[in-house]
Every structure is written in C-alpha cells, then in structure tokens.
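A.B. asks: Test case, fold it:
(chains A and B)
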Amino acid sequence: KAGVTQTPRYLIKTRGQQVTLSCSPISGHRSVSWYQQTPGQGLQFLFEYFSETQRNKGNFPGRFSGRQFSNSRSEMNVSTLELGDSALYLCASSLDGDHTGELFFGEGSRLTVL
Amino acid sequence: QKEVEQDPGPLSVPEGAIVSLNCTYSNSAFQYFMWYRQYSRKGPELLMYTYSSGNKEDGRFTAQVDKSSKYISLFIRDSQPSDSATYLCATLGGGNKLTFGTGTQLKVEL
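C.D. replies: Next up, the predicted model:
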C-alpha cells in the first residue's frame, strides 16, 4: 500500500514569490491535514480538509491556503513568501471517522525562502 | 504558555536502558493522547495512542496518561540504537487537529 506522497521534496524560493505544494494521501483516506515544522516552533497545524471542505484551520495568516480535490489529493499554497516561511511542510492523511489522531505523514516538502 | 510542553533534550542513554519521555498539557478537555516517532529526514509515524487516563503497552513501549496532573509519559524498555529518533507527544483537538510538543531527541548508544 503506497504511503502519503508529497511533491516537491525540496524547493528554494525568494521572498515575495508564491509556492504550491502537493499531497497524495493513502488510497481510501479522505482526510488530509497540513503541518508546518520548524526547529523553533516544532509541528504546527495549518489546516485539515475532508471531502473537499476545510474542516479545521490553525493560526496562520491568510497567505497560507489549501484545497482538496474530489480524489482526496490536496494542495497548499503560500503567497508572498517571507523568510520565516522556511520550514518542512508535512501532509498527513487519515481514514477519518474515529478521530483517534492516527495520522499517516508523508516525508514532507522542505521549503527554503531566500 | 504552549498547550503541550515537552523537554527537547537531547537525551542520550546506553543500549538496554529504560527511557522515560514526558509531556505536560494545559487543556483539560483533551481526551486522546499520542506519541509519534520521527527519524531524521522522515515524517512522523504514530507509535501509540491512548484515550483518557491509564496505561497502554505495546511491546517495549508503554504510554501513560495522568489526566489529574495533565501528564503524558512514554517508557521504552530495553532501548536499542534503532530507537534513536525524535519523539513527539501530541493531543487531539477538533477533527484531526493535533497539537504537538516540540519533541525530545533521543540517542541510544552502543
């Protein structure tokens, strides 16, 4: 069974640019969540999508957005990049329904903003 | 104050030692508690989850939750070099929103 796939794995952008990250969940999983991981703040919740609807949102500015497609694949977008957006962005999928916190994470997209 | 506090370590122990990893949390409404393990350059993977207070054992790993003191623990018996990783405690909010501790870096030395 294939795991969660994230693309691209690494990318470098400059301040002011925008970036789109992609996530393909495990087959059959309907919930996709996004997290930002930095050395200082650790893992922080960005948002969760279920059946193409945002179900939950963390405390990030509006520059961070996401969407989910009918096949459960998800994208997140960060506009007007800032240096502080440099981080590992992790996508996680789950079957949903039981809400036990059993998330399956991808290996992440490492974003460097110069 | 962060909702979940965790000592970042690093923690270094000899092979075979018993490891104790701990977190505290502030929101008494939390009911689900998880431990994730993250190897370098990998995404976190779920080790164990517990519901409410009590203990849960899985092989060499035991998770313990004390809701009265808002304390979460993970014990690793007979630690192995392959256990060297960052361990993240987490609590579950609405939906699948997890609030993580900052992680404790563990190194098990031969």
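
A.B. asks: can you give me phi and psi for B:Pro81?
C.D. replies: When read as degrees, to the nearest 10, the backbone of B:Pro81 gives phi -50, psi -30.

A.B. asks: Compute the number of surrounding residues for it.
C.D. replies: By other CB atoms under 10 Å in any protein chain shown, the residues close to B:Pro81 number 10. From N, CA and C alone the C-beta is placed, and that goes for glycine too.

A.B. asks: can you pull the contacts of it?
C.D. replies: B:15, B:108-110 (CB atoms under 8 Å, 6 or more residues apart in numbering or on different chains).

A.B. asks: okay, among the residues you listed, which ones form the most distant pair?
C.D. replies: Largest separation among the contacts of B:Pro81 by CB to CB: B:Val108 and B:Leu110, giving 8.2 Å.

A.B. asks: Now, the contacts of B:Pro81 that are in strands?
C.D. replies: Taking DSSP state E as the definition of strands, the contacts of B:Pro81 contribute B:108-109.

A.B. asks: What about chain A: which of the contacts of B:Pro81 touch it?
C.D. replies: Residues of the contacts of B:Pro81 in contact with chain A (CB under 8 Å from any CB of the partner chain): none.

A.B. asks: just the contacts of B:Pro81 now: which is nearest chain A?
C.D. replies: Checking the contacts of B:Pro81 against chain A by CB to the nearest CB gives B:Val108 as the nearest, at 21.9 Å.
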